[in-house]
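Enquirer: Next come a sequence and a model predicted from it.
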Amino acid sequence: MENPTTATTTTTTATPPPKVDPKPFLQRVRDFRVSRGWVIFGSVLVTYAGLRYRDSYLTDKIKAEHAERAKALANVPWSPKDRVPKVCVLLMRPHPEDSIRTAREMFNEYMKPVFDAAALDYDLVESNAPGGIQRHVAGTLAKIQRYQYWTADDMLRAKVMTSPLDDLKYFYRMQDYRTYVAMGRKPYEELVVGYSEGLAKAKCEMEEDYAAAFAAVSSNSASSGWFSGGSSGGTMDRSQLPPNPAHHHPTLPAIAYVPVNTLSGMINFPRKLYRWFNQHQRHQELGDHALAIAFSATRTLDPTSDATAGATEFGVSKVAAEKGLAVGELAEGPVVDEDMRAFWPPPANKLDRTPQLPGAGAGAGAVLEGLSTGDIVAAAENARKTAAAAELASLSSTVPTELVEDDGNASTKKIEEDVKEETPAEKEETYRKRHFELMVRYFVPKKVDRELEKLTYLGVAIVDPKTLAETMVVTDPMLEDVYHRER
């Protein structure tokens, strides 16, 4: 019997590698290598953060300084009879391809905080079409000048204008602006032209009022003298007459120009990038303008230098370059021509309550005064038929005629052609092209030298931030004392 074979198994245990001490922290930092991409990314990130932090810090500092200086006006006590100081801010798109929202956001960002800190009331007048600002300035200025003409005493006017029982005078009070502020070159041109037109209109109306009042007082004095039996008539009571327009010098509001130099296009990308990191400069510039407007820091108009204010703005200089004008050069001609007035007609006069027949002009004798209801309906129907006949005649005159032989006899027959009507999409495209063409023509900078010379002769002042910073000249003595105390 054989013995079983015994197998011996030997187990070998592996020896662990020796434990290596980790490198010191400083040695690991020294040996760390960063790729080129991370270096570039980190440099750009740190530079961007540093520039934005610097701009934010300077912006907050400038805004706090402006608010602190403007707060002095808000702390001035006012009498209940004092009029609330109010300015009129005129806005328009800064470029033909831009929107009016750009100018509105610029006002809200840079100027509105200063006005709010100074407790200064303002009206924001926005115009999407040429001529709107000019009509607003001329109309409001003529109304307030005429009202000041009839109530020359300022304290009496303030008392009457704050009366809640007189809606008409309260309406005039709402448009008693202390300053007209134009944000941009084109609003500035319309402001100057509208200011001149408003003063001329007010003078004409005052002369008419004086002539009518003089005739009424003369007739009353003559009739009283006749009833009393006098041979030479009664004595004229001149206390019932308004002041003579030739010797009347009303209070003229100041004007102000605020630069709105926006940029657009890829060619201006470097400048736009620079502005992005230096927003504090625009806060400083526009904040100084707002502070000068709040303190009414004015100087005398200079027709030479003030005529070119804003001529180098991007919105007008780009259009001027396309028209062949040099930088800062002004073109001749009206600010708003006849084509623009026809394309953007002025709105109907809301104060004219006289009804007129449809399709009839103002001088066609179609005023519906003293007519019965049947006459009005018949006249309206006749006017409608006349207008339809005139339109049909105008369409018929455009149809060509040909000489056609019929059975050997020559006869003239009208050949009707299909008149192709434009679709709504085509009409909209035509309107858009005409709109842009006129808007580009409007943004060519125009000369306003003659109007500025008239305003200079009349003593109209313009707001200038340099005047507030250098000479500390303030229109209102109360505001001057406050400003000197704060300085």
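Expert: Received the coordinates, thanks.
Enquirer: would you list every one of the strands in the stretch 251-400 of the chain?
Expert: Listed in chain order, the strands of the stretch 251-400 of the chain (DSSP state E, counting those that start in this stretch) span residues 254-258, 298-300.
Enquirer: What ranges in the stretch 1-150 of the chain fall below the confidence cut-off?
Expert: Low-confidence segments of the stretch 1-150 of the chain, defined by pLDDT under 70: 1-14, 16-26, 28-32, 81, 150.
Enquirer: rerun at 80
Expert: Within the stretch 1-150 of the chain, the ranges that satisfy pLDDT under 80 run 1-35, 78-84, 146-150.
Enquirer: And the strands in it?
Expert: Going by DSSP E, counting those that start in this stretch, the stretch 1-150 of the chain shows strands at 86-91, 121-126.
Enquirer: With Ser43 as the reference, name the closest of those strands.
Expert: Of all the strands of the stretch 1-150 of the chain, strand 86-91 sits nearest to Ser43, with 41.5 Å by C-beta to C-beta. Heads up, the C-betas are built off the backbone N, CA and C, glycines and all.
Enquirer: Please verify my assumption that Ala290 contacts Tyr110.
Expert: Yes. Checked against C-beta atoms under 8 Å, the pair Ala290 and Tyr110 is within contact range at 7.3 Å.
Enquirer: Between the two, which is the more surrounded one?
Expert: Ala290 (29 against 21; other C-beta atoms under 10 Å).
Enquirer: got the angle for the helix or strand containing Cys204 vs strand 254-258?
Expert: Applying DSSP states H and E as the criterion places Cys204 in helix 185-227. For helix 185-227 against strand 254-258, the angle by axes from the mean of the first three to the mean of the last three C-alpha atoms, to 10 degrees is 170 degrees.
Enquirer: If you count contacts, what does helix 185-227 end up packed against?
Expert: The elements that helix 185-227 packs onto, with contact taken as 3 or more C-beta pairs under 8 Å, 6 or more residues apart in numbering; DSSP states H and E, are strand 86-91, helix 132-150, strand 179-183, strand 254-258, helix 314-322, helix 449-458.
Enquirer: what does the fourth one rub up against?
Expert: With C-beta atoms under 8 Å, 6 or more residues apart in numbering as the test, strand 254-258 has contacts from 87, 111, 178-184, 188, 191-192, 195, 286, 289, 292-293, 296, 298, 306, 309-310, 455, 460-463, 475.
Enquirer: between it and helix 449-458, how many degrees?
Expert: Using the same axes, to 10 degrees, strand 254-258 lies at 140 degrees relative to helix 449-458.
Enquirer: do the third one as well
Expert: Angle, strand 179-183 to helix 449-458, by the same axes, to 10 degrees: 150 degrees.
Enquirer: which other residues reach strand 179-183?
Expert: Taking C-beta under 8 Å, 6+ apart as the rule, strand 179-183 contacts 87-92, 103, 106-107, 122, 133, 137, 188, 190-191, 195, 253-258, 260, 293, 296, 463.
Enquirer: strands paired with it, and their directions?
Expert: When pairing is defined by DSSP bridges, strand 179-183 lines up against strand 86-91 (parallel), strand 254-258 (parallel).
Enquirer: got those as JSON lines, with distance to Ala383 and mean neighbour count columns?
Expert: JSON lines is the format used below for the strands paired with strand 179-183 (distance: least, C-beta to C-beta, whole Å; neighbours: other C-beta atoms under 10 Å):
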{"stretch": "strand 86-91", "distance to Ala383": "40", "mean neighbour count": "24"}
{"stretch": "strand 254-258", "distance to Ala383": "45", "mean neighbour count": "25"}
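Enquirer: Which one of the ones you listed lies nearest to Phe343?
Expert: Judging the strands paired with strand 179-183 by C-beta to C-beta, what sits closest to Phe343 is strand 86-91, at 20.6 Å.
Enquirer: and the angle for that closest one with strand 121-126?
Expert: Relative orientation of strand 86-91 versus strand 121-126 (the same axes, to 10 degrees): 20 degrees.
Enquirer: For strand 86-91, report the contacting residues that lie outside it.
Expert: Under C-beta under 8 Å, 6+ apart, the answer for strand 86-91 is 100, 103-104, 107, 111, 115, 120-127, 133, 136-137, 140, 176-184, 187, 190-191, 256, 293.
Enquirer: With adjacent residues omitted, what lies nearest to Pro245?
Expert: In this structure, Pro245 finds its nearest non-sequential neighbour in Met206, 4.3 Å apart by C-beta to C-beta, 6 or more residues apart in numbering.
Enquirer: ditto for Tyr149
Expert: Met206 (5.0 Å).
Enquirer: what residues are up against that neighbour?
Expert: Here Met206 is in contact with Gln145, Arg146, Tyr149, Pro242, Pro245, His248 (C-beta under 8 Å, 6+ apart).
Enquirer: thinking again about what came up before, what mean pLDDT does the helix holding Cys204 have?
Expert: For helix 185-227, the mean per-residue pLDDT is 80.
Enquirer: Over to stretch 327-346?
Expert: 86.
Enquirer: Show me the contact partners of that stretch.
Expert: With C-beta under 8 Å, 6+ apart as the criterion, stretch 327-346 contacts 129-132, 134-135, 186, 189-190, 193, 307-308, 311-312, 317, 320-321, 323, 325, 434-435, 438, 441-442, 444-448.
Enquirer: can you rerun that using 6 Å?
Expert: Stretch 327-346 has contacts (C-beta atoms under 6 Å, 6 or more residues apart in numbering) with 129-131, 135, 189-190, 193, 311-312, 317, 438, 444-447.
Enquirer: ok, Arg185 touching Thr308?
Expert: No. Using C-beta atoms under 6 Å, Arg185 is not in contact with Thr308; the gap is 9.5 Å.
Enquirer: So between those two, which is more surrounded?
Expert: Per other C-beta under 10 Å, whichever of Arg185 and Thr308 has more neighbours is Arg185, with 27 against 16.
Enquirer: So for the more buried one, what's the nearest residue that isn't a sequence neighbour?
Expert: Arg185 sits nearest to Gly310 (C-beta to C-beta, 6+ apart), 3.3 Å away.
Enquirer: For the one you found, give its distance to Leu191.
Expert: 11 Å (C-beta to C-beta, to the nearest Å).
Enquirer: cool, and Pro77?
Expert: From Pro77 over to Leu191 the distance is 32 Å, taken as C-beta to C-beta.
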